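Q: Following is a predicted model, sequence given first.
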Amino acid sequence: MDPNVEKFMARVKARNPFEPEFHQAVQEVAESLVPFIREHPKYEHARILERITEPERVLLFRVPWINDKGDVEINKGYRIEMNSAIGPYKGGLRFHPTVNLSILKFLAFEQVFKNSLTTLPMGGGKGGSDFDPKGKSDNEVMRFCQSFMTELCRHIGPNTDIPAGDIGVGGREIGYLFGQYKRIRNEFSGVLTGKGLEWGGSLIRPEATGYGAVYFAEEMLHTRGDSLKGKVAAVSGSGNVAQYTIQKLIQMGGKAVTLSDSNGTIYDPDGIDEEKLAWVMQLKNIRRGRIREYADQFGCQYLEGKRPWDMKCDVAFPSATENEIGKKDAETLVNNGCKVISEGANMPSTPDAVEVFLRSKILYGPGKAANAGGVAVSGLEMTQNNMRLPWGREEVDNRLQTIMKNIHQTCVNFGTGTDGFVNYVKGANIGGFVKVADAMLAQGVV
């Protein structure tokens, strides 16, 4: 490791102890930025990197609620308002038992760069709770969301902080959260994105992260005169991102052969077609079942406790959660002929895995670039809310494609080496940093 990066990381770890996910995210960015900052002393003098790794505000609060048995339960609520140099804080809410300060700070930090890359005026933030919506009734989820928003509402607003959904926070949860905000604040505003179409939502928003990851993969392949047509894809997860990744893959002539959840993976060598995908959407979104039922329904292989990365594929879309691809998984993917990784999840590859991808010189699209489609369409939803005017599906999808192409071009501009190889990690980190850093310089020491 560069001694300057090591010195910087020692300070970060001392200021933020016991936060391994946050340390990992910062180090990945610092390895690209420290050499760049040395060449641009204005950023070093203003200590932009030190400032950008320190949240502007961290909110931690109690969320008491009553379950269906009449018992009181208590969860922790969080909101990390990381950086507002280029716009109001923007980033999702995650409801999952694993949620803690380290994970949310890592996500908020990544969000700053991701939002910058979209070219839209959005700062970075993230929030959530250790509440688990799985197994809860609609009434329990509603009571929790109402209690959560009762505290959060005093810290957010359409020009201050605009949360969205993330793991465990879908249309149902956004609806309950929005209803409580409106009730308390007595205003109908674009304070949340991911809303229903009937009350301020945007077409393509549910599809956006998955679609964006596929568009980014296609752009990467174009640099080598290739496309997704006829490509076999391994997709992890089975939620929103995975579902719409597969939908767009089908439309672009690719074939997805895997889906997974926390219990295991299905492998369908015949491919997941539109009819099978509709069945998966019913299973996961309505019945909230487990992916093993797919294997029973369609007579394919179910791999208990396994992830999809042992399956032979041309393209991989990790779309489940952070650090789901380790070094051995990365080596297996490369050895099996995988040529493209487009991350639908946030930081799904460990640092050792990323090193394998970069060393192998395959096309590797990191999450802050490849999965920026979701927040991009959230930004478009904000624009529509401000205009009080909804756009059609085709217009939103065209704008999303343009944004993903622009993100890809930014990565190429900042990440192309002397040998012509595009290091998308470096390109995304530097490209996202420059816009935020210049705004921070212009605004003084704040």
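A: That came in fine, so what should we check first?
Q: What distance do you get for the closest residue to residue 361 other than its chain neighbours to residue 324?
A: Leaving out its chain neighbours, the residue that sits closest to residue 361 by CB to CB, 6 or more residues apart in numbering is residue 421, at 5.6 Å. Every residue, glycine included, has its C-beta placed from N, CA and C. Look at residue 421 and residue 324: by CB to CB, to the nearest Å, they are 25 Å apart.
Q: same check, this time on residue 126
A: 19 Å.
Q: all strands in the stretch 151-300 of the chain, in order from the N-terminus.
A: Using DSSP state E, counting those that start in this stretch, the strands of the stretch 151-300 of the chain run over 161-164, 232-235, 255-256, 258-261, 264-267.
Q: which residues of the chain score low on pLDDT?
A: Judged against pLDDT under 70, the chain has no low-scoring part.
Q: Just give me the longest helix of this structure.
A: When the chain is parsed with DSSP state H, its longest helix is helix 393-415.
Q: related to what we said a few turns ago, reformat the strands of the stretch 151-300 of the chain as a markdown table; add mean neighbour count and distance to residue 315.
A: Below are those laid out as a markdown table (neighbours: other CB atoms under 10 Å; distance: least, CB to CB, whole Å):
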| stretch | mean neighbour count | distance to residue 315 |
| --- | --- | --- |
| strand 161-164 | 25 | 27 |
| strand 232-235 | 26 | 4 |
| strand 255-256 | 24 | 9 |
| strand 258-261 | 26 | 11 |
| strand 264-267 | 22 | 15 |
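Q: Output those strands as CSV; include the columns distance to residue 335.
A: Formatted as CSV, the strands of the stretch 151-300 of the chain follow (distance: least, CB to CB, whole Å):
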stretch, distance to residue 335
strand 161-164, 38
strand 232-235, 14
strand 255-256, 21
strand 258-261, 17
strand 264-267, 18
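Q: Tell me which of those strands sits nearest to residue 300.
A: Shortest distance between residue 300 and those, using CB to CB, is found for strand 264-267: 5.9 Å.
Q: which helices and strands does that closest one pack with?
A: strand 258-261, helix 292-298, strand 301-304 (3 or more CB pairs under 8 Å, 6 or more residues apart in numbering; DSSP states H and E).
Q: Tell me which of those is the most buried.
A: Mean neighbour count (mean count of other CB atoms under 10 Å) peaks for strand 258-261 among those, with a mean of 26.
Q: List of residues touching it?
A: Here strand 258-261 makes contact (CB atoms under 8 Å, 6 or more residues apart in numbering) with 234-238, 242, 246, 265-268, 272, 280, 290-291, 294, 306-308, 311, 313, 320.
Q: Looking at residue 421 and residue 324, which one has more neighbours?
A: Here residue 421 and residue 324 are compared on neighbour count by other CB atoms under 10 Å; more neighbours surround residue 324, at 22 against 13.
Q: mind listing what the residue nearest the centre of the chain touches?
A: The residue lying closest to the centre of the chain (CA atoms, centre = their mean) is residue 346, at 4.5 Å. Applying CB under 8 Å, 6+ apart, we find residue 346 in contact with 106-107, 110, 322, 367, 371.
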